[in-house]
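**Q** Predicted model follows, preceded by the sequence.
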Amino acid sequence: MSLGILRAPVTSAYKAAALRPALAVYAARSVHTSKSAQAPETTPTSVSSASEPITTLAMHGSNQLSLEQPQNKAEYVLSTLDKIVNWGRQGSIWPMTFGLACCAVEMMHMAAARYDQDRLGVVFRASPRQSDVMIVAGTLTNKMAPALRKVYDQMPEPRWVVSMGSCANGGGYYHYSYAVVRGCDRIVPVDIYVPGCPPTAEALLYGMLQLQRKMRRNRKSVLW
(Lines give C-alpha, C1' and ligand atoms only; values in the text may rest on other atoms or scores of the structure.)
Protein backbone atom coordinates (compact mmCIF):
# COMPACT_ATOMS: atom_id res chain seq x y z
CA MET A 1 0.00 0.00 0.00
CA SER A 2 2.83 2.37 0.87
CA LEU A 3 4.59 1.63 -2.39
CA GLY A 4 1.44 2.47 -4.33
CA ILE A 5 1.13 5.78 -2.52
CA LEU A 6 4.77 6.67 -3.33
CA ARG A 7 4.44 5.71 -6.98
CA ALA A 8 1.37 7.88 -7.60
CA PRO A 9 3.08 11.31 -7.37
CA VAL A 10 6.13 10.05 -9.28
CA THR A 11 4.10 8.76 -12.21
CA SER A 12 1.95 11.89 -12.24
CA ALA A 13 5.11 14.03 -12.35
CA TYR A 14 6.49 12.02 -15.26
CA LYS A 15 3.19 12.35 -17.10
CA ALA A 16 3.17 16.13 -16.59
CA ALA A 17 6.75 16.37 -17.82
CA ALA A 18 5.87 14.28 -20.84
CA LEU A 19 2.90 16.50 -21.63
CA ARG A 20 4.82 19.78 -21.38
CA PRO A 21 6.54 19.56 -24.78
CA ALA A 22 3.21 18.88 -26.45
CA LEU A 23 1.66 21.83 -24.67
CA ALA A 24 4.58 24.03 -25.70
CA VAL A 25 4.25 23.00 -29.34
CA TYR A 26 0.50 23.60 -29.25
CA ALA A 27 1.04 27.05 -27.74
CA ALA A 28 3.63 27.93 -30.38
CA ARG A 29 1.30 26.80 -33.13
CA SER A 30 -1.56 28.85 -31.69
CA VAL A 31 0.67 31.93 -31.62
CA HIS A 32 1.91 31.59 -35.21
CA THR A 33 -1.43 30.63 -36.76
CA SER A 34 -2.84 34.13 -36.76
CA LYS A 35 -4.92 35.87 -39.37
CA SER A 36 -1.87 37.48 -40.96
CA ALA A 37 -0.23 34.08 -41.39
CA GLN A 38 -3.33 32.52 -42.91
CA ALA A 39 -3.86 35.44 -45.31
CA PRO A 40 -0.48 37.10 -45.96
CA GLU A 41 -0.66 40.72 -46.92
CA THR A 42 0.86 41.67 -50.23
CA THR A 43 3.55 44.32 -50.03
CA PRO A 44 2.80 47.41 -52.09
CA THR A 45 4.88 47.55 -55.23
CA SER A 46 5.62 50.53 -57.38
CA VAL A 47 3.28 51.08 -60.26
CA SER A 48 4.87 51.98 -63.55
CA SER A 49 3.50 52.21 -67.00
CA ALA A 50 4.63 49.86 -69.73
CA SER A 51 6.01 52.74 -71.76
CA GLU A 52 8.65 53.54 -69.11
CA PRO A 53 11.73 51.30 -69.43
CA ILE A 54 13.05 50.19 -66.06
CA THR A 55 16.39 48.56 -65.43
CA THR A 56 16.81 45.28 -63.59
CA LEU A 57 18.35 47.03 -60.59
CA ALA A 58 15.50 49.53 -60.46
CA MET A 59 12.72 46.92 -60.54
CA HIS A 60 12.53 46.60 -56.75
CA GLY A 61 10.41 49.50 -55.60
CA SER A 62 11.83 52.24 -57.81
CA ASN A 63 10.77 54.05 -60.95
CA GLN A 64 14.26 54.99 -62.01
CA LEU A 65 14.43 55.12 -65.78
CA SER A 66 17.14 53.31 -67.67
CA LEU A 67 19.95 55.38 -69.12
CA GLU A 68 20.73 52.71 -71.69
CA GLN A 69 17.36 52.88 -73.43
CA PRO A 70 16.53 56.05 -75.37
CA GLN A 71 13.46 58.03 -74.40
CA ASN A 72 12.91 59.82 -77.71
CA LYS A 73 14.12 59.87 -81.29
CA ALA A 74 16.94 62.30 -80.59
CA GLU A 75 18.42 60.10 -77.87
CA TYR A 76 18.00 57.06 -80.10
CA VAL A 77 20.01 58.72 -82.86
CA LEU A 78 22.72 59.90 -80.47
CA SER A 79 22.99 56.54 -78.69
CA THR A 80 23.27 54.75 -82.02
CA LEU A 81 25.94 57.23 -83.08
CA ASP A 82 27.83 56.55 -79.85
CA LYS A 83 27.80 52.81 -80.53
CA ILE A 84 29.17 53.32 -84.04
CA VAL A 85 31.89 55.71 -82.85
CA ASN A 86 32.89 53.43 -79.96
CA TRP A 87 33.05 50.46 -82.32
CA GLY A 88 35.48 52.40 -84.49
CA ARG A 89 37.57 53.56 -81.53
CA GLN A 90 37.99 50.13 -79.99
CA GLY A 91 39.23 48.79 -83.32
CA SER A 92 41.86 51.50 -83.79
CA ILE A 93 43.66 52.07 -80.49
CA TRP A 94 46.80 54.14 -80.95
CA PRO A 95 48.87 54.05 -77.74
CA MET A 96 51.63 56.50 -76.94
CA THR A 97 55.09 54.97 -76.52
CA PHE A 98 55.97 55.85 -72.94
CA GLY A 99 58.31 53.14 -71.70
CA LEU A 100 60.02 54.08 -68.43
CA ALA A 101 61.63 50.86 -67.15
CA CYS A 102 61.77 47.09 -67.66
CA CYS A 103 57.99 46.88 -68.27
CA ALA A 104 58.63 48.50 -71.63
CA VAL A 105 60.34 45.28 -72.76
CA GLU A 106 57.10 43.34 -72.26
CA MET A 107 55.20 46.14 -73.98
CA MET A 108 57.46 45.75 -77.01
CA HIS A 109 56.98 41.99 -76.73
CA MET A 110 53.24 42.49 -77.17
CA ALA A 111 53.93 44.48 -80.31
CA ALA A 112 56.14 41.75 -81.77
CA ALA A 113 55.08 38.94 -84.08
CA ARG A 114 54.21 36.42 -81.35
CA TYR A 115 51.21 38.37 -79.99
CA ASP A 116 50.78 40.77 -82.91
CA GLN A 117 48.85 43.62 -81.38
CA ASP A 118 48.27 45.06 -84.86
CA ARG A 119 45.57 42.46 -85.50
CA LEU A 120 43.51 44.17 -82.78
CA GLY A 121 44.07 47.60 -84.27
CA VAL A 122 46.65 48.61 -81.64
CA VAL A 123 49.37 50.64 -83.35
CA PHE A 124 52.03 52.60 -81.48
CA ARG A 125 52.43 56.26 -82.31
CA ALA A 126 55.43 58.43 -81.44
CA SER A 127 53.43 61.66 -81.22
CA PRO A 128 50.92 62.44 -78.46
CA ARG A 129 48.85 64.44 -80.97
CA GLN A 130 48.03 61.20 -82.79
CA SER A 131 47.52 58.99 -79.72
CA ASP A 132 44.43 58.24 -77.68
CA VAL A 133 45.98 55.82 -75.14
CA MET A 134 49.04 56.18 -72.94
CA ILE A 135 50.70 53.05 -71.55
CA VAL A 136 52.78 54.03 -68.52
CA ALA A 137 55.23 51.13 -68.47
CA GLY A 138 57.67 51.32 -65.60
CA THR A 139 58.81 53.40 -62.66
CA LEU A 140 57.67 57.01 -62.60
CA THR A 141 60.18 59.28 -60.88
CA ASN A 142 59.54 62.74 -59.50
CA LYS A 143 61.53 64.38 -62.29
CA MET A 144 59.61 62.43 -64.95
CA ALA A 145 56.17 63.28 -63.55
CA PRO A 146 55.94 66.77 -65.14
CA ALA A 147 56.86 65.31 -68.53
CA LEU A 148 54.20 62.62 -68.13
CA ARG A 149 51.55 65.22 -67.40
CA LYS A 150 52.70 67.39 -70.29
CA VAL A 151 52.45 64.51 -72.75
CA TYR A 152 49.04 63.58 -71.36
CA ASP A 153 47.77 67.13 -71.82
CA GLN A 154 48.88 67.07 -75.46
CA MET A 155 46.73 64.02 -76.24
CA PRO A 156 43.34 64.76 -77.81
CA GLU A 157 40.05 63.81 -76.19
CA PRO A 158 38.87 61.15 -75.53
CA ARG A 159 42.02 59.69 -74.03
CA TRP A 160 42.76 56.75 -71.77
CA VAL A 161 45.68 55.69 -69.57
CA VAL A 162 46.91 52.15 -68.88
CA SER A 163 49.13 51.72 -65.82
CA MET A 164 51.46 48.79 -66.46
CA GLY A 165 53.40 47.12 -63.67
CA SER A 166 53.70 47.42 -59.90
CA CYS A 167 55.94 50.49 -60.09
CA ALA A 168 53.43 52.42 -62.17
CA ASN A 169 50.52 51.19 -60.05
CA GLY A 170 51.89 52.06 -56.62
CA GLY A 171 55.67 52.42 -56.60
CA GLY A 172 56.49 48.72 -56.47
CA TYR A 173 59.91 47.92 -55.02
CA TYR A 174 60.67 51.64 -54.87
CA HIS A 175 57.53 52.56 -52.94
CA TYR A 176 59.53 54.09 -50.06
CA SER A 177 62.09 55.80 -52.26
CA TYR A 178 62.44 59.57 -52.06
CA ALA A 179 62.60 59.89 -55.85
CA VAL A 180 59.66 57.72 -56.99
CA VAL A 181 56.00 58.66 -57.39
CA ARG A 182 53.80 56.16 -55.55
CA GLY A 183 51.49 55.50 -58.45
CA CYS A 184 51.03 57.33 -61.72
CA ASP A 185 47.38 57.89 -60.82
CA ARG A 186 48.61 60.77 -58.67
CA ILE A 187 49.62 62.57 -61.87
CA VAL A 188 47.12 61.40 -64.50
CA PRO A 189 43.76 59.59 -64.24
CA VAL A 190 44.17 55.85 -64.85
CA ASP A 191 41.56 53.67 -66.56
CA ILE A 192 43.18 50.20 -66.56
CA TYR A 193 45.66 48.74 -64.03
CA VAL A 194 47.85 45.83 -65.16
CA PRO A 195 49.49 44.13 -62.12
CA GLY A 196 52.82 42.32 -62.20
CA CYS A 197 56.55 42.93 -61.87
CA PRO A 198 56.89 42.98 -64.74
CA PRO A 199 53.53 41.87 -66.16
CA THR A 200 53.72 39.53 -69.09
CA ALA A 201 52.75 40.45 -72.61
CA GLU A 202 49.58 38.38 -72.18
CA ALA A 203 48.63 40.47 -69.14
CA LEU A 204 49.07 43.70 -71.06
CA LEU A 205 47.11 42.28 -73.97
CA TYR A 206 44.29 41.36 -71.57
CA GLY A 207 44.40 44.90 -70.22
CA MET A 208 43.97 46.27 -73.73
CA LEU A 209 40.96 44.00 -74.23
CA GLN A 210 39.47 45.36 -71.01
CA LEU A 211 40.08 48.86 -72.32
CA GLN A 212 38.12 47.96 -75.45
CA ARG A 213 35.21 46.87 -73.23
CA LYS A 214 35.36 50.20 -71.42
CA MET A 215 35.32 52.03 -74.74
CA ARG A 216 32.17 50.19 -75.76
CA ARG A 217 30.40 51.47 -72.64
CA ASN A 218 31.42 55.06 -73.25
CA ARG A 219 28.51 57.48 -73.68
CA LYS A 220 29.37 61.02 -74.74
CA SER A 221 26.12 62.13 -76.39
CA VAL A 222 23.54 61.48 -73.66
CA LEU A 223 20.86 64.16 -73.36
CA TRP A 224 20.17 65.20 -69.78
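**A** That came in fine, so what should we check first?

**Q** For the protein, just list every one of the helices.
**A** 2-32, 35-38, 73-90, 103-111, 145-154, 166-170, 201-216 (DSSP state H).

**Q** Now for Tyr173, how many residues are close by?
**A** 11 (other Cβ atoms under 10 Å). Using the backbone N, CA and C atoms, a C-beta is placed for each residue, glycine as well.

**Q** got the contact list for it?
**A** For Tyr173, the contacting residues are Ser166, Cys167, Cys197, by Cβ atoms under 8 Å, 6 or more residues apart in numbering.

**Q** low pLDDT regions in this protein?
**A** Across the chain, residues meeting the criterion (pLDDT under 70) sit at 1-79, 218-224.

**Q** Recalculate using a threshold of 80.
**A** For the chain, the stretches with pLDDT under 80 are 1-91, 97, 216-224.

**Q** Can you spell out the domain ranges of it, please?
**A** With domains defined by automatic domain parsing, the chain comprises 2-38, 87-216.

**Q** can I get these in CSV with distance to Leu81?
**A** Listed next are the domains of the chain as CSV, based on distance: least, Cβ to Cβ, whole Å:
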stretch, distance to Leu81
domain 2-38, 54
domain 87-216, 11
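
**Q** Among these, which comes closest to Thr80?
**A** domain 87-216 (10.8 Å; Cβ to Cβ).

**Q** First-to-last residue distance for that closest one?
**A** In terms of Cα to Cα, to the nearest Å, the two terminal residues of domain 87-216 are separated by 7 Å.

**Q** quick one, what contacts the residue nearest to Gly171 when sequence neighbours are not counted?
**A** In space, and not counting its chain neighbours, Gly171 is closest to Arg182: 4.1 Å by Cβ to Cβ, 6 or more residues apart in numbering. Contact partners of Arg182, counting by Cβ under 8 Å, 6+ apart, are Gly170, Gly171, His175.

**Q** Tell me which residues touch Met144, please.
**A** Leu100.

**Q** Now the phi/psi pair for it, please.
**A** Backbone torsions for Met144, taken as degrees, to the nearest 10, come to phi -90, psi -20.

**Q** how close does it sit to Glu202?
**A** The gap separating Met144 from Glu202 is 27 Å, by Cβ to Cβ, to the nearest Å.

**Q** With Met215 instead?
**A** Counting by Cβ to Cβ, the gap from Met215 to Glu202 is 20 Å.

**Q** okay, the two: which has more neighbours?
**A** Set Met215 next to Glu202 and count neighbours by other Cβ under 10 Å: Met215 wins out with 21 against 12.

**Q** wait, doesn't that one sit right on Arg89?
**A** Yes: contact criterion Cβ atoms under 8 Å: Met215 and Arg89 qualify, at 5.3 Å.

**Q** can you pull the contacts of Val105?
**A** Applying Cβ under 8 Å, 6+ apart, we find Val105 in contact with Pro198.

**Q** ignore the last one, Val194
**A** Applying Cβ under 8 Å, 6+ apart, we find Val194 in contact with Val162, Ser163, Met164, Gly165, Asn169, Ala203, Leu204, Tyr206, Gly207.

**Q** Export those residues to TSV and append columns for neighbour count and distance to Val151.
**A** Shown next, in TSV, are these (neighbours: other Cβ atoms under 10 Å; distance: Cβ to Cβ, whole Å):
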residue	neighbour count	distance to Val151
Val162	25	14
Ser163	26	15
Met164	31	15
Gly165	29	18
Asn169	21	19
Ala203	16	23
Leu204	27	19
Tyr206	14	25
Gly207	21	20
